Structure formats: structure tokens, C-alpha cells
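Peer 1: Attaching a predicted model along with its sequence, questions to come.
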Amino acid sequence: MDSLIHARGLVKRFGDFTAVAGIDVDVRRGEAFGFLGPNGAGKSSTMRMIGCVSPPTDGVLQILGMDPRRDGPKIRAKLGVCPQLDNLDIELTVRENLSTYARFFGIPRKVARQRAAELLDFVQLSERGDSKVEPLSGGMKRRLTIARALVNEPEIVLLDEPTTGLDPQARHLVWERLFRLKQQGVTLVLTTHYMDEAEQLCDRLVVMDGGRIVAEGSPRALIEQYSTREVVELRFAAESQEPYSEKLAGLGERLEVLPDRILLYVFDGDAAVAEVQRRSLAPASVLVRRSSLEDVFLHLTGRTLVD
Amino acid sequence: MVAGAYVLEYHLVNYRRTWRSSALSTLVLPLLTMLGFGLGVGAYVSGGVEGVPYLDWIVPGLIASTAVQAAFGEATWPVLSYFEWLKVYFAQAAAPLRVGDILGGHLAFMLFRVLTSAAAFLGVAALFGAVHSWWAPMTLVVSLVVGLAVAAPTVAYSASVSSDSYLAILMRFAVLPMSLFSGVFFPVESLPVVLRWVAYALPLWHGVELSRDAMLGLAPGWLGLLHVVYLLAWCAAGWLLAHRLFRRRLAV
Amino acid sequence: MVTLVLPRLVSFEGSGRRAASVTERNINTLRSMYWVVLVSGFLEPVLYLFSIGVGVGGLIGDIALPDGRLVGYAEFVAPAMLAASAMTGALSETTFNFFGKMKFMRLYEGILATPVRPIEIALGELAWAMVRGVLYSSAFLVIMVAMGLTTPGRALAMLPAAVLIGFAFGALGMTISTLIRSWQEFDLIFSGQFALFLFSGTFVPATAYPQWLRWVIEVTPLYRSVDLARALSLGPVGWTQALDVLYLVALLGLGLTVAGRRMTGMLCK
Ligand SMILES: Nc1ncnc2c1ncn2[C@@H]1O[C@H](COP(=O)(O)OP(=O)(O)O)[C@@H](O)[C@H]1O
Ligand SMILES: [Mg+2]
């Protein structure tokens, strides 16, 4: 069995509250595995259990074939962790954040210095090496946290919402670096609520909601299973879109009415648009697009705001 | 002047949230000091000092010293954090306030803290029977003057540094030595000449002398006037310096 | 210098090495100005010694020890200042600083993602507090010997005692930090610390207090520390001092255990 992370019926409770309600997960060597889900789904709780800093309440959890309850330090020696909130050392410089962190893994001082330099280069922070952490931008801090997660040349890197709150340039830079890591054969486990991120990076993912896994598979497979090939977005000029839903009846597999537009889930978008025109409904705007993970996600976890 | 009152009000309202925890130490610390030094050590000082029992002799010095501690505490970390971390001064400068209002309002708040600390100490001293003169309340006025004489230059110092290490250094090299060697615990006359003149140069000793006159009901005389003038000079110099540094830092 | 020597002293693999890496991290945070703050820390007990021991001592003259011998007041106060400064040094590092790192900098969350365990963080922080403590105590002892307040031989015996006192209070401080919820509560701690400083037989012999108060005082950690330091400085040393050592060792063990447990509970939820 080459399952680096193996969980069966994994549960995490905080008092009476169940954050993770029994999940089964297997992560294979070299893949990029994603936990997708809205806020409060239990992603971070799961990541912290995998990171061996939060003891599971119940269930089986094996990481690299070891038991976190017994071999925490040994497992953590082979993990790299990028937590949801940066917890960089504000009393140290950027470079020292890396070299000092390496010392916690028992890496010799000389190697630590060398690795710090390489990693600064890798995340494009070499010029800021001697700066303090505080004045860095959010994107730079995130990159530094990711670099810090790599100082021990980990077998598995855990990334909890690696790009939340970053501007588009910073996000793409992070994605590009993570992709390079994956090419080098590092196993990535990440959480996100960005669909494009999951589609870009993940070979396989699970969708979590309310502490449970509600769907599982590759991004393509999930789209095929839970959505149609294409989506038509129709915008009508009228105050309310509601009256049009009846007139569109029978078009496509599913139809969703939003305050400002109507979504038609269909196999062939152009054919559907032709049919709309045949019924002389004259929408103000029409958009035909490929179905995305976002459609799967919203279908599975609903559109109501979580918090 | 009126605008400065608004600033004072801001600090008072702020203080309402945290006064409880500081109130305890404001009362407990003088009580402990009185018991430990006044009564405990005092019992071993046979014959008293300068003709009065050790407790009576030490209490006025402790009141002045308490005023200085309170002034120092309020003039260091809060000032630094209002510049560096909380940016309160910058927010105030964005409102139609002059530098003098911002500085004056905050100093007024510091004096409020000085006054409450000194008054608490005086109250505790009265319970221990260490108050003998109707002039004793004058020690509160003395506390305000010596408090300002320390607070104003300290504010200037705090406004000119960027890390709290500098505040710890001021505490260690200036305030603690001043508290221990300004005639609070033993007469400055027993210090070596050089150190005695250092004590004369610093504000606390003048406050201690004035406070002692008030508490023991002695006439301060011409020397008293000199003490007052000297302390006011510290206040004025501190204010001018602080005002200049505030103006530079707030760039208005 | 310290950076080079310290980790090598504890070069064995495992807990010791990991705790040392936490100490090393603290050494790395030292910046120019903080050095001055750090090194000048030894001044505080020295100033007290001169003000109270020498200054007030001039008003008091000699003081009688429990066995009837008369000693100068400065000789009487000096060992107590050593014990008190070991306490203050250890507490300042393990309460205020430790609490800040745990609650506000969230430093330990980052460290716990590495093989380092909570108890090793506690040990590393404690070792760091002790590096400081030993420097201060040594400086103070040199001054005591220079002033003729004790003999060099006795001073050598007092150094390990000061280290033990520091360790015990450091562990106690860490336990307190894990129990405290907000900065405001430090006012309370400071009041308590000040009470210990004044009444632990530091400035007057505990025999000066009423009987009931003596009982309370004699079980406090600073009283036991002062008793130990004073006996080593002025003699005679007997079974009471063995009890002092036992007391401090127990405090150290208990404090470390509780602090490690509480840290695990707080950080590894
Ligand atoms: N330490 C904790 N104590 C109590 N409840 C917690 C704790 N950590 C997380 N939770 C709760 O568990 C649920 C899942 O949280 P989390 O795993 O952080 O979700 P996600 O990362 O998917 O947003 C949330 O409702 C959160 O409030
Ligand atoms: Mg989360």
C-alpha cells in the first residue's frame, strides 16, 4: 500500500461540537490532493490532525505508515506545514525565519543557511532576506511561509488555503511554485475554497461540507458526475428573472434561478441558445461556458452563505 | 485648551475599560511598601531619622516616588505604542487638533493617573497613622509638579525612540537609580559627594524634600521655593522638547 | 559566543537537542539594543544592594541572626538580593515574554509543526532564562566578594543555588503563564511578586513578623530561596538547607510538568 495518508472514520470533536464527522481519505505518493469546502467545513481541523498537532477524537489515522499519537515528532520531521494563518517569527529577519526553523528539525547550521538561501531564491524573496517580517506584503509572507514549510525537504507538504487573500499576481506565482514542487515529486495536500485553484493544482480532491465528505474524484470526473458539460447564463432585462423559468422549462438537465440571471445546465450550449431564441425569449445577454468545479461545488454545498 | 480637554476625555474613556486591574496595584503596592519598609525595616531603625520615626520619615518620600513611577509608566509604553503600533496620535492629528492639544491632553491624563496613585498612597498612610499635619494634602500638589517634571521629558524621550528596548534602558539607568538614591529610603547626605550632586540634579529629590515638608508640617522656606522653581524648569524644558518632537513626528 | 557553545554542550539527539534549538532561536532574536537591556539586567539587584543594604544599612547598623551572631545589614541583605534577582530574572522571561510568544506572536504554533514537543519548548525557554540568570548571578556574586560581603569560596557555592532558584521560579512562571488569560492579570502577578520580594525575610528576619504570618511566609518559595542563599553566604549550613533544595527541586519538577501539560492542552487542541 503506497498510501502516505490513510484515514478511516476520522473524527474531531471540540466539546460537543463535531468539526470532522468521520471521513475516509487516502493520499498517494506524488499526487496533489485537495480538500475543497466552504468555511467551517472542517478542512483546517483535518489538516491539523494530519499535521500531528491535534489528536484525533476517533478513527484511524496513519501518516507515512506511522501513528500520530505515538510517533508525532518522527512524522512531523517529514512534513512541511503552511498553516491557514501565517505564524512567522516577527522577531527574526526573513532569512533567519528559514534558517532558525531548520534548526528545529536538527538540520546542521551550515546546511540550514544554504537551504535558506536556496528557498529564498525559490520563492523570489532573495532581495528581502535581511528585512524584518512585519513590513512584507501579504503575498510575500505567504511565500515565506511556504518556503519555511520546505526547509526540511518534506515528503508531504500540507497547505491550508495557500492563496486566500492574495492578489492575482501573487496567487499565480504561488501556483507556479507549487506546480514545480509537484513536478519534483513532492506530495501536496491542500485545502481551498477557490475552484480555479483546485482545478489548476489537484489531481484528486474531496468536497467537504459540515465535517463530511460529500464527493470525491478528479476535477474532471466530479464535473462530469455532478454537472453538465456546458452552462448557459441568461440575463433578462426584467426586474425579476423568476417568470422566465417556466418558459425555459424542459431545456437542459437542470435550471437555476439567481436574482440577476438564470443558469441552464446543458450538454450542448449552442443548441440550447438556439432553442431559447426559437421560443423568442430575447435575453439581454447570453453566455455559454464550460462547466467548472464551481458549479459542482455550489451544487453540492448550496448557495447559502456559511458565515 | 478646549480641544485639549477632548483629548483628555478620550484617554479617560479609554481608561474606563482597564482601570479595574490597575486600581488593585495602585492600592496594594503602597500598602505592601508601607508594611515592608515603613514598619518592617523601620522597626530596626532605632531612634528614627532626623528626629522623626522611620515610618513618618519614609512615607512622604514614597508618595513622591509613587508619583514619579506613575508618571514614568504612563509616559513610556503608551506613548511609544500610540506612535508605533496603535497610531492613536496620527488619528488625532488627522482631526482638527493642534500638537499642543494632543500633547497637553495626554499629559493631563498622565497627571490624573499621578494624582490618583499619590492620593491612594496618602489614604493608606493615613490609615497607618503616618499623617500628622494639616498641610499633608499639599503633598498631592507636590506629586503633580514632580509628576509633570518627569512625565514631560519622558514623553519627549518616548517620542524619539522606535523600540521598547530604549524604554527599558531608561527605566534601568535613570528611573530605578533615581528612585533608590533620591532620599526616599535614606538621607542623600550619606551619599558620596558626586552621587549626592547627581541626586540634586534629578527631579525626584526636590519632590521628596517638598513632600516631606508638607507631610511633617515644616515650613519649606526659601529652599522650598528653589525646589519648586527647579521642578517647574524641568516641566517647561520637557514640554518644549516634547512639543518639538511631536510636531516633527506628526509632521504638522 | 553563546551561539557556538550552547548547542554543542547538548549535542545529543532527541529532546535535549530540540530544546536547545528553542534556546538558540531566542539567541538569534537578540538585536543591538536588546543586548544592552539584557546585559544591564544585572544592575537592578546591585542598585538595591547599595540603596537598601548600604544606604538604609547606615541607619540600622548591625542586625542579629537567629543564632545570635551580629552581621552588618549589607551582609544580611546581599544574599537575599541574589535570591530575589534570580526570581525576578526568571519570572520576567517566563511570564511576560513567554505569554506574549504563546498568545500574541503565535510563535509556538509554528514551532509545534516541527518535531519539537511542548515540553521541549518549555525546557528551551527555561534554559534561556537561566543563561540570563547565571550571568546576572555571577556578576552580583563578584560584587559581593569585592565588597567583602562574603568569601570567594562561599560565593562559588551560592552560584549553583542561584541557578536552582532561577530554574524553580522559571518553571513556576511558565505554569502561571499557561493559566493566565489576559495582560491585565499581570498586574496581579506583579503585586504578588512584590509582596514576596518584601516579606520573604529579605530585608528583615522573618522572626520580626507575628507567628501566624511567619508560618505563611516560611512556605513561600522566595523565603526558602533566601534561607538557602543566606545560609550559604553567612553560615551555618544544615538540614534546613537540604529541605530548601528539596523544596526548590520539587517546585521545578511540578512546574515543568504542569506547564508542559497545559501547553499541550492549549496548543494541540
Ligand atoms: N479549537 C476549536 N475549538 C472549538 N471549535 C473549533 C476549533 N477549531 C475549529 N472549530 C470549529 O470547527 C468547525 C470547523 O472548523 P475548520 O476546521 O477551521 O473549518 P475550515 O477550515 O473548513 O473553515 C468550525 O465550525 C469551527 O468553528
Ligand atoms: Mg480553515
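Peer 2: Nice, thanks for sending it over. Ligands and ions are numbered 1, 2, ... in the order given.
Peer 1: In a helix, A:Arg289, correct?
Peer 2: No - according to DSSP: H, G, I helix; E, B strand; the rest coil, A:Arg289 belongs to no helix; its state is strand.
Peer 1: Report how many residues lie close to the closest residue to ligand 1 within the stretch 101-250 of chain C.
Peer 2: Closest to ligand 1 within the stretch 101-250 of chain C is C:Glu109: 11.9 Å, counting by CB to the nearest ligand atom. C-beta: built from backbone N, CA, C; applies to glycine. By other CB atoms under 10 Å in any protein chain shown, 17 other residues sit near C:Glu109.
Peer 1: name the element the residue lying closest to it once chain neighbours are set aside belongs to?
Peer 2: Sequence neighbours aside, A:Asn87 is the residue nearest to C:Glu109 in space, at 4.9 Å (criterion: CB to CB, 6 or more residues apart in numbering or on different chains). Following DSSP states H and E, one finds A:Asn87 outside all helices and strands.
Peer 1: if I look at A:Asn87, how far off is chain B?
Peer 2: From A:Asn87 across to chain B, the span is 19 Å (CB to the nearest CB, to the nearest Å).
Peer 1: Skipping adjacent residues, who's closest to B:Tyr157 in space?
Peer 2: B:Leu170 is the one closest to B:Tyr157 (CB to CB, 6+ apart), at 6.2 Å.
Peer 1: now the most centrally placed residue in chain A: how far from A:Asp167?
Peer 2: Taking CA atoms, centre = their mean, the centroid of chain A lies closest to A:Thr192, which sits 2.4 Å from it. Taking CB to CB, to the nearest Å as the measure, A:Thr192 falls 16 Å from A:Asp167.
Peer 1: Equivalent analysis for B:Thr154, please.
Peer 2: Between B:Thr154 and A:Asp167 the computed distance is 43 Å (CB to CB).
Peer 1: okay, those two: which has more neighbours?
Peer 2: Using other CB under 10 Å as the criterion, B:Thr154 and A:Asp167 rank with B:Thr154 on top: 25 against 11.
Peer 1: Off-centre distance for the helix or strand that contains the more buried one?
Peer 2: B:Thr154 belongs to helix B:138-160 when elements are defined using DSSP H and E. Relative to the centre of its chain, helix B:138-160 is centred 5 Å away, using CA atoms, centre = their mean, to the nearest Å.
Peer 1: in it, what counts as buried?
Peer 2: B:138-140, B:142-159 (16 or more other CB atoms under 10 Å in any protein chain shown).
Peer 1: average pLDDT across that helix?
Peer 2: Mean pLDDT, helix B:138-160: 96.
Peer 1: Mind giving me the packing neighbours of the helix or strand that comes right after it?
Peer 2: Next helix or strand after helix B:138-160 toward the C-terminus (DSSP H and E): helix B:164-170. Applying 3 or more CB pairs under 8 Å, 6 or more residues apart in numbering or on different chains; DSSP states H and E, one finds that helix B:164-170 contacts helix B:77-84, helix B:138-160, helix C:32-39.
Peer 1: who's in contact with the first one?
Peer 2: Right, the one you point to is helix B:77-84. Outside helix B:77-84, the residues that touch it by CB atoms under 8 Å, 6 or more residues apart in numbering or on different chains are B:Val88, B:Tyr89, B:Phe90, B:His106, B:Val155, B:Ser158, B:Ala159, B:Val161, B:Ser162, B:Asp164, B:Leu167, B:Arg249.
Peer 1: rerun at 7 Å
Peer 2: For helix B:77-84, the surrounding residues in contact (CB atoms under 7 Å, 6 or more residues apart in numbering or on different chains) are B:Val88, B:Tyr89, B:Val155, B:Ser158, B:Ala159, B:Val161, B:Ser162, B:Asp164, B:Leu167, B:Arg249.
Peer 1: What segments of the stretch 51-200 of chain A are strands?
Peer 2: All strands of the stretch 51-200 of chain A, identified by DSSP state E, counting those that start in this stretch, fall at A:58-63, A:79-82, A:156-160, A:187-192.
Peer 1: closest to A:Glu230 out of those strands?
Peer 2: strand A:187-192 (24.2 Å; CB to CB).
Peer 1: The closest one close to chain C?
Peer 2: No - applying CB under 7 Å from any CB of the partner chain, one finds strand A:187-192 separated from chain C by no less than 13.6 Å.
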